[in-house]
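> Sequence plus predicted model, see below.
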Amino acid sequence: MLRVFTDRRCLDHRPPFGFPERPERLEVMLEELARRGREIVGAGPRADAREAVLAVHAEGYVERLRRAIERGDGLIDSADNPLSPGTWDAAWGAVEATLAAAEWMQEGEGRVAFAAVRPPGHHAERSVAMGFCYLNSVAVAAQWLRAERGVERVAIFDFDVHHGNGTQHLFEDRADVFYASIHQYPFYPGTGAAGERGRGPGRGATLNVPLPAGSGDAEYAAAFDDRVLPALREFAPVALLLSAGFDAWRGDPVGAMRVTRRAYQEWGVKLRALADGLCGGRVLAVFEGGYDLASLGPLAEAHLRGLEGQAPPEG
């Protein structure tokens, strides 16, 4: 069973004209998923959202973000994080839709949830906005599953073309949340070297597989099969979360990788098989990057088909 969760407030964040991360990214994806007959659930405000966010982000940072938007500031922390009057509602809409997706996923076996949200989140640090990201939705969901649903071990696998520095740093000293990433390297944000494996009690609960620009399906398949999947099996998560970036796509204007649509579906098949064997088929994918408007919907649909266990056609 698969459901798509979103929140119309996610469209309210409106960066300047020409900015890569814009409302149309989500609009075209939702249009394609609706055309394909996907069940799309409109989430809304949650009473537990603030507590869930403050379990991951510093309260001072959240208040600083709120005040900056109320003042009409043009950005926060860097030019990569422009602000608009709707940024606050959009960021909370993304978090709350992701929490709704996590809650639904956890309530039954074989449930695959996709949080179709923006702005993305995986670069957001505890106290700093970075890389188009303001609140780290996937990290909030992971911590919420641990604290509120008693999920013993949560794994986050990030296949965005950029390394998820915020997610890694939020959990790198813990052994109960495993973070794995395949990403272009060297590239923004400069983190994600192979030697970054976690700290203290979390040593070994971080796995980075950096790949050079120009890597395609074959290089990603090797990273999946030889590094990521064995590490996830060893960790044995009770819930599997994905930071689903579609910017390793060969036509993406921001990344420099050569991944095909077929690969995104194949990744979904592999991850669903892993989840079936380890965590009752429970998977939550959260939309992160991806900037080729013409391909975002088809790429997301292909990945969701994979997560349903549908292999791509031969040839």
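Nice, thanks for sending it over.

> Can you name the residues that contact Pro120?
Residues in contact with Pro120, defined by C-beta atoms under 8 Å, 6 or more residues apart in numbering, are 21, 131-133, 137, 160, 245, 287-289. Bear in mind the C-beta positions are built from the backbone N, C-alpha and C, glycine included.

> no no, Phe178
Counted by C-beta under 8 Å, 6+ apart, Phe178 has contacts 153-156, 205-207, 231-232, 235, 237.

> could you redo the last one with a cut-off of 10 Å?
142, 153-157, 171, 198, 202, 204-207, 231-232, 234-237, 240-241 (C-beta atoms under 10 Å, 6 or more residues apart in numbering).

> where exactly do the strands run in the stretch 151-300 of the chain?
Per DSSP state E, counting those that start in this stretch, the stretch 151-300 of the chain carries strands over the ranges 154-158, 177-184, 206-211, 239-244, 283-287.

> and what of the stretch 1-150 of the chain?
Under DSSP E, counting those that start in this stretch, the stretch 1-150 of the chain gives strands at 2-6, 40-42, 75-76, 78-82, 112-115.

> in the fourth one, what counts as buried?
Burial within strand 78-82, assessed by neighbour count using 16 or more other C-beta atoms under 10 Å, is assigned to 80-82.

> Below-threshold pLDDT in the chain: ranges please.
Residue ranges of the chain with pLDDT under 70: 315.

> can you rerun that using 50?
By pLDDT under 50, the chain contains no weakly predicted segment.

> Point to the residue nearest the middle of it.
Compute the mean C-alpha point of the chain, and by C-alpha atoms, centre = their mean the closest residue is Ser243, 2.4 Å away.

> quick one: the nearest residue to it once chain neighbours are set aside from Phe171, how far?
Setting aside the residues directly before and after it, Ser243 is nearest to Asp158 in space (C-beta to C-beta, 6 or more residues apart in numbering), at 3.7 Å. Separation of Asp158 from Phe171 (C-beta to C-beta, to the nearest Å): 12 Å.

> before we move on, the earlier item: turn the buried residues of strand 78-82 into JSON lines, columns for distance to Arg14.
Below are the buried residues of strand 78-82 laid out as JSON lines (distance: C-beta to C-beta, whole Å):
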{"residue": "Asp80", "distance to Arg14": "16"}
{"residue": "Asn81", "distance to Arg14": "13"}
{"residue": "Pro82", "distance to Arg14": "9"}
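
> dump the residue contacts of Pro82.
13-16, 19, 21, 73-76, 132.

> which residues does Glu51 contact?
Residues counted as contacts of Glu51 (C-beta under 10 Å, 6+ apart) are 144, 147-148.

> out of these, which are buried?
Burial by neighbour count, 16+ other C-beta under 10 Å: within these this picks out 144, 148.

> any idea which of the contacts of Glu51 is closest to Ala68?
Distances from Ala68 to the contacts of Glu51, taken as C-beta to C-beta, are shortest for Trp144 (25.4 Å).

> do you know how far the nearest residue to the closest one once chain neighbours are set aside is from Ala139?
Excluding the flanking residues, the one nearest Trp144 by C-beta to C-beta, 6+ apart is Ala52, at 4.7 Å. Distance, Ala52 to Ala139, using C-beta to C-beta: 10 Å.

> which residues are in contact with both of these two?
Joint contacts of Ala52 and Ala139 (C-beta under 10 Å, 6+ apart) are 95, 98.

> When those two are compared, which one has more neighbours?
Remark: of Ala52 and Ala139, Ala139 carries more neighbours, 33 against 22, as counted by other C-beta atoms under 10 Å.

> thinking the more buried one is in contact with Ala124, fair?
Yes - between Ala139 and Ala124 a contact is recorded at 7.9 Å, counting by C-beta atoms under 10 Å.

> mind listing the helices for the stretch 1-150 of the chain?
Taking DSSP state H, counting those that start in this stretch, the helices of the stretch 1-150 of the chain run over residues 23-35, 49-54, 59-71, 87-106, 137-149.
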